[in-house]
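# what follows is a predicted structure for the sequence shown.
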Amino acid sequence: MPTERPPSSIDDLRRDVDVHMRLAVDGLPSMLAYWDKDLRCRFANKAYKTWFGLSPEKIIGIPMEELLGPRLFALNQPYVLGALAGKEQIFERVVPGPDGVQRYSLAHYIPDVADGEVRGFAVQVTEITYVKEIEAALRASEAFLDRTGRIARVGGWEVDLRTNVVTWSDQTCRIFGMPPGYHPTREEARQFIAPEERDRWMTKATESEKQGGTWTGEMPVITAQGKRIWVRATGEVVMEDGRAVKLMGAIQDITQEVLSRKELAREHALRLQLEQQTTELNALLVERSDMLDVLAHEVRQPLNNASAALQSAAQALAGAGVPGASHRLERAQGVMNQVMANVDNTLAVAALLARSGPISPEDTDIDTLIAVVEADMPASERARVVIQRLTSTRTAAMDMSLMRLALRNLLANALKFSPTDRPVTIRISDSDAPLALVIEVADSGPGIPDKVLSRLFERGAHGGGLQNQSGHGLGLYIVRRVMELHGGQVELTCNSTRGATMRLTISQAAVNGARNT
């Protein structure tokens, strides 16, 4: 039979247990204490000194309100009353330490109940400041990732192949038009893929499960609102012991990128089409230019020969004294001149419309230009032309052939719409601001009707007031285009029932600047 331990030895053992328990309890970082029903401390470990600056010996017997202070005791009082009512209490609290630093704590009140009576309660308080800091950092990190994901329109996803649980990040939910926190099944996730691409992507996912590795691609998606978008999906397989356990990856909304690519492709195709059309148009322009050259040679030359023949015949008949013949030849000569003018204008319009580059102005003798234009008029009309020179300038920069055409049209109109017994005046002056040669043609006709003024220099407009006029209304349009090519302008400066004045302003600024460099 075992020998009975002497009573003194049992007391020693109890003292040893108390010592060992105290050693163990004092080594814990959590505060441990026992409070009786009168809220006086009966036990406390050394951790209380860290929080309250008091040793356990000084805490034992102290009332709870005195230890905690009025404010903290008032905050804890509902939990104290709950513990004294026999109910376990767990709560978090921010407790200031003796150094003034706020510490987060997790408090646990455990009632001490014996024979149905609460004798007090044990207290365990654990500092969780570090845990709170980690939680705050995690929340900040999650918020940062959520913001960057939202800005970049990138979300994450995961499929646990062992449980078939699908996890979407909040941004992935937003991309698919679902509220944050939505967790679809694999079949529900599959339904978001556009029908025409669904089977192909499901096959790719199945192959990935079997083979492992990573994959990426673009696919059309139909959101929960029925909107069609494009996403770039990337994924990889997580393997454990040679077995696929997870699919995880990212998804990015690239709708704008895809639309931009399609728009660029459409613009590229359109540009190629325009380039082809331009090539064809250039070929047509070359062909038209060749035809105009043929027309100029095959039509104008015979007309010039016929005009010269009529003029020679008129002179011969006038010398022979044939009555009435000279008058009829003059009429034929006038008709011939009108036909030649119409042909010249038609060819000029075609040439002006086809012109793509700038003109090359050259120094032109002004008096020679006026003399050539005057000689272009019928012999019977030349005596009516009056030249007024208001400048001593002898030359100006211009394209003489084009300016001859413009000035000839103005002079022909002025002679046509003025009474046969009234003169037509050509005034030559210059301007310093802007630097330009100014040529004015003034007639004595009835003026230009108001209804014509708004489209006076357009194709098809007639400048005079006569009814049933012949021609196609190309004269003033040609004048405007010639002046535009010279960097100048034509304008109607005077218009009344006693006559109209047209002014040509031929800019010399660019040419003068080039000469001075």
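Noted; the coordinates are in hand. Numbers count the residues shown, from 1 in each chain.
# hey, what's Ala500 bridged with?
Beta bridges link Ala500 to Asn495, judged by DSSP bridges.
# now do the buried residues in the strand or helix carrying Leu369.
For Leu369, the host element (DSSP states H and E) is helix 366-375. By neighbour count on 16 or more other CB atoms under 10 Å, the buried set for helix 366-375 is Ile366, Leu369, Ile370, Val372, Val373, Glu374. C-beta: built from backbone N, CA, C; applies to glycine.
# which residues sit against that helix?
When contacts are defined by CB atoms under 8 Å, 6 or more residues apart in numbering, helix 366-375 is touched by residues 382, 385, 387, 393-396, 398, 400, 403-404, 407-408, 411, 426, 428, 437.
# could I get the following helix or strand past that helix in CSV with only the CA atoms?
Where DSSP H and E defines the elements, the next helix or strand beyond helix 366-375 is strand 385-389. The C-alpha trace of strand 385-389 is given here as CSV (Å, rounded to 0.1, in the frame of the first residue of the first chain):
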residue,chain,number,x,y,z
VAL,A,385,-11.1,102.5,-123.7
VAL,A,386,-9.6,105.3,-121.6
ILE,A,387,-6.4,104.7,-119.6
GLN,A,388,-5.7,106.7,-116.5
ARG,A,389,-2.3,106.2,-114.9
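# neighbouring contacts of strand 385-389?
Contacting residues not belonging to strand 385-389 are listed as Ile370, Glu374, Met377, Leu411, Leu415, Pro423, Val424, Thr425, Ile426, Arg427, Ile428 [CB under 8 Å, 6+ apart].
# next structured bit after it?
Moving toward the C-terminus from strand 385-389, the next helix or strand (DSSP H and E) is strand 395-398.
# wait, Ala509 touches Pro434, no?
Yes - using CB atoms under 8 Å, Ala509 makes contact with Pro434 at a distance of 5.8 Å.
# spatially speaking, which residue is in the middle of this structure?
In the chain, the centroid-proximal residue (CA atoms, centre = their mean) is Ser260; its distance is 10.7 Å.
# secondary structure class for that residue?
Three-state call for Ser260 (DSSP: H, G, I helix; E, B strand; the rest coil): helix.
# go ahead and confirm Ile59 touches Lys46.
No - using CB under 8 Å, Ile59 is not in contact with Lys46, being 10.1 Å away.
# neighbour-wise, which of those two wins?
Neighbour tally, Ile59 and Lys46, criterion other CB atoms under 10 Å: the higher count belongs to Ile59, 20 against 15.
# so who does Asp365 touch?
Applying CB under 8 Å, 6+ apart, we find Asp365 in contact with Arg394, Thr395.
# what pairs with it across the strands?
Applying DSSP bridges to Asp365 gives these bridge partners: Thr395.
# renumber starting at 307 from here on
Shifting the count to begin at 307 puts that one at Asp671.
# return the distance of it relative to Ala442.
From Asp671 over to Ala442 the distance is 92 Å, taken as CB to CB, to the nearest Å.
# do Asp559 as well
Applying CB to CB, the value for Asp559 to Ala442 is 30 Å.
# higher neighbour count, the two?
Set Asp559 next to Ala442 and count neighbours by other CB under 10 Å: Asp559 wins out with 22 against 10.
# for the closest residue in space to that one that isn't next to it in sequence, give me its contacts.
Of all residues not flanking Asp559 in the chain, Arg459 sits nearest, at 3.9 Å (CB to CB, 6 or more residues apart in numbering). Contact analysis of Arg459 by CB under 8 Å, 6+ apart lists Gln477, Ile481, Gln558, Asp559, Ile560.
# beta partners of the closest residue to Gly367 other than its chain neighbours?
If the residues on either side of it in the chain are set aside, Gly367 comes closest to Arg346, at 5.9 Å by CB to CB, 6+ apart. Listed by DSSP bridges, the beta-bridge partners for Arg346 are Pro369.
# measure Arg346 to Leu373 for me?
Per CB to CB, Arg346 is found 10 Å from Leu373.
# the two - which one has more neighbours?
Shown here are Arg346 and Leu373; by other CB under 10 Å, Leu373 has more neighbours (21 against 16).
# element containing the more buried one, please.
Going by DSSP H and E, Leu373 is part of helix 370-374.
# now that helix: buried residues?
By 16+ other CB under 10 Å, the buried positions in helix 370-374 come out as Met370, Leu373, Leu374.
# what about it, distance to the chain center?
68 Å (CA atoms, centre = their mean, to the nearest Å).
# what of stretch 554-566?
Per CA atoms, centre = their mean, the centroid offset for stretch 554-566 relative to its chain is 19 Å.
# first-to-last residue distance for that stretch?
In terms of CA to CA, to the nearest Å, the two terminal residues of stretch 554-566 are separated by 29 Å.
# ok, now stretch 366-379?
Stretch 366-379: ends 17 Å apart by CA to CA.
# average pLDDT across that stretch?
In this model, stretch 366-379 has a mean pLDDT of 90.
# which residues does it contact?
Stretch 366-379 is contacted from outside by 341, 345-350, 358, 360, 365, 382, 386, 399, 401, using CB under 8 Å, 6+ apart.
# okay, those in JSON lines with secondary structure and distance to Lys510 next?
Listed next are the contacts of stretch 366-379 as JSON lines, based on DSSP: H, G, I helix; E, B strand; the rest coil; distance: CB to CB, whole Å:
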{"residue": "Trp341", "secondary structure": "strand", "distance to Lys510": "65"}
{"residue": "Leu345", "secondary structure": "coil", "distance to Lys510": "68"}
{"residue": "Arg346", "secondary structure": "strand", "distance to Lys510": "72"}
{"residue": "Cys347", "secondary structure": "strand", "distance to Lys510": "68"}
{"residue": "Arg348", "secondary structure": "strand", "distance to Lys510": "69"}
{"residue": "Phe349", "secondary structure": "strand", "distance to Lys510": "66"}
{"residue": "Ala350", "secondary structure": "strand", "distance to Lys510": "65"}
{"residue": "Phe358", "secondary structure": "helix", "distance to Lys510": "64"}
{"residue": "Leu360", "secondary structure": "coil", "distance to Lys510": "68"}
{"residue": "Ile365", "secondary structure": "helix", "distance to Lys510": "68"}
{"residue": "Asn382", "secondary structure": "helix", "distance to Lys510": "59"}
{"residue": "Val386", "secondary structure": "helix", "distance to Lys510": "62"}
{"residue": "Arg399", "secondary structure": "strand", "distance to Lys510": "54"}
{"residue": "Val401", "secondary structure": "strand", "distance to Lys510": "56"}
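# any idea where the helices of the stretch 707-823 of the chain begin and end?
756-759, 781-791, 815-822 (DSSP state H, counting those that start in this stretch).
# which other helices and strands does the second one contact?
Counting by 3 or more CB pairs under 8 Å, 6 or more residues apart in numbering; DSSP states H and E, the packing neighbours recorded for helix 781-791 are helix 631-660, helix 706-723, strand 795-802, strand 805-813.
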